[in-house]
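Visitor: pasting the structure only:
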């Protein structure tokens, strides 16, 4: 049995070597290149391909992979919104993802960032770096005094809620598919409009499916409390970034944290320190003292990376054996 992996990063190699040592009967080869129509040929002779990328799995890419005999595709991440499922269906692809690798990683990051926004740490750190040790005017707010609206109560959203409870914050939540335990606690509001009207801060944990595209837009922001704090570590396309910038400019949004961006492919996980920065909107946001930008690193912990590698390779083996892994994507 042979598995070929694309886009293997240096930080994934220890987890990959650990998996290989535990599965010596499986031949593993890999490249740091992403899966494209041009690189698909590298997987020829393999039983399954393991992948991770924000780049789209287009019809052309899937056709090229199928043409070299590989129709088992195991993603090392959760998101599947960049797959052309019509093409995948046409070529009878078996696809898996890693829906639960470490909910804590994303939830912790989002709550750390929300806490930093409330305590104005970016502005305070900048002052301290200049040896300005005065308190004012960088006074913060306490999490326990906030009503925090959580949009999406899947694995990650529920961990975030537990963290918020630890702070003593009042939590309200919205989800089209309510969790029974949270419902029994009375945390849900009936509509997003109710959440917008009540929340001092909002954090999102919903998928980037078409119905959620630009969920946070000018209309939604207009329904929020003045001075709302927004944190998004879910999917970039949830935010109309122009509407967010307008909200920041007007003061309707007091603070904003983002770990994902609709146009992040080719921008995030690149070094721009000695090059012209290509996205003026993100450059503007990075420069603001009331905005925290991280480049899709909420997931990026040792535990999460290990789970993403091990679970995806386990699924690839299952597909190669003609089995259906528990994490197979139904489409």
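Guide: Looks like it came in fine. Since the structure is predicted, the reported quantities are computational estimates derived from the model, not experimental observations.

Visitor: host element of residue 162?
Guide: helix 155-167 (DSSP states H and E).

Visitor: what of residue 330?
Guide: Per DSSP H and E, there is no helix or strand for residue 330.

Visitor: quick revisit: so which bits of the helix holding residue 162 are buried?
Guide: Applying a neighbour-count criterion of 16 or more other C-beta atoms under 10 Å, the buried positions in helix 155-167 are 155-161, 163-164, 167. In short, each C-beta sits where N, CA and C put it, glycine included.

Visitor: nearest to residue 310, of those residues?
Guide: Taking C-beta to C-beta as the measure, residue 310 lies nearest residue 155 of the buried residues of helix 155-167, at 17.7 Å.

Visitor: not counting sequence-adjacent ones, nearest residue to the closest one?
Guide: residue 103 (4.0 Å; C-beta to C-beta, 6 or more residues apart in numbering).

Visitor: can you check residue 144 too?
Guide: Nearest non-adjacent residue to residue 144 (C-beta to C-beta, 6+ apart): residue 168, at 3.5 Å.

Visitor: how close does the one you found get to residue 145?
Guide: Here the distance between residue 168 and residue 145 works out to 9 Å (C-beta to C-beta, to the nearest Å).

Visitor: now stretch 127-138: mean pLDDT?
Guide: Stretch 127-138 comes out with an average pLDDT of 97.

Visitor: hmm, back to that, look up how far residue 147 lies from the residue nearest to residue 144.
Guide: 12 Å.

Visitor: same question for stretch 309-323, mean pLDDT?
Guide: pLDDT averaged over stretch 309-323 gives 98.

Visitor: ok so, going back, same drill for residue 168 and residue 147, tell me which one is more crowded.
Guide: Using other C-beta atoms under 10 Å, the more surrounded residue of residue 168 and residue 147 is residue 147, with 15 against 11.

Visitor: next one, pLDDT for the more buried one please.
Guide: For residue 147, pLDDT reads 98.

Visitor: now the helices for the stretch 51-200 of the chain?
Guide: 59-67, 85-90, 103-119, 121-129, 155-167, 180-185, 192-198 (DSSP state H, counting those that start in this stretch).

Visitor: those: which one's closest to residue 206?
Guide: Per C-beta to C-beta, nearest to residue 206 of the helices of the stretch 51-200 of the chain: helix 155-167, 8.1 Å.

Visitor: show me what that closest one is packed up against.
Guide: helix 103-119, strand 147-151, strand 170-174 (3 or more C-beta pairs under 8 Å, 6 or more residues apart in numbering; DSSP states H and E).

Visitor: can you list the domains in the protein?
Guide: 2-101+302-320, 104-293 (automatic domain parsing).

Visitor: nearest to residue 331, of the ones you listed?
Guide: Using C-beta to C-beta, the nearest of those to residue 331 is domain 2-101+302-320, at 5.0 Å.

Visitor: what about residue 176, neighbour count?
Guide: Residue 176 has 10 nearby residues by other C-beta under 10 Å.

Visitor: count of neighbours near the closest residue in space to residue 293 that isn't next to it in sequence?
Guide: Nearest-residue entry for residue 293: residue 286, 5.0 Å, with adjacent residues in sequence omitted and distances by C-beta to C-beta, 6+ apart. The number of residues packed near residue 286 is 12, by other C-beta under 10 Å.

Visitor: check residue 331 too.
Guide: Neighbours around residue 331, by other C-beta under 10 Å: 11.

Visitor: count of residues packed around the nearest residue to it once chain neighbours are set aside?
Guide: In this structure, residue 331 finds its nearest non-sequential neighbour in residue 85, 5.0 Å apart by C-beta to C-beta, 6+ apart. Residues near residue 85, counting by other C-beta under 10 Å, number 15.

Visitor: if we can go back for a sec, switch the domains of the chain over to CSV; also include distance to residue 329.
Guide: Formatted as CSV, those follow (distance: least, C-beta to C-beta, whole Å):
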stretch, distance to residue 329
domain 2-101+302-320, 4
domain 104-293, 13
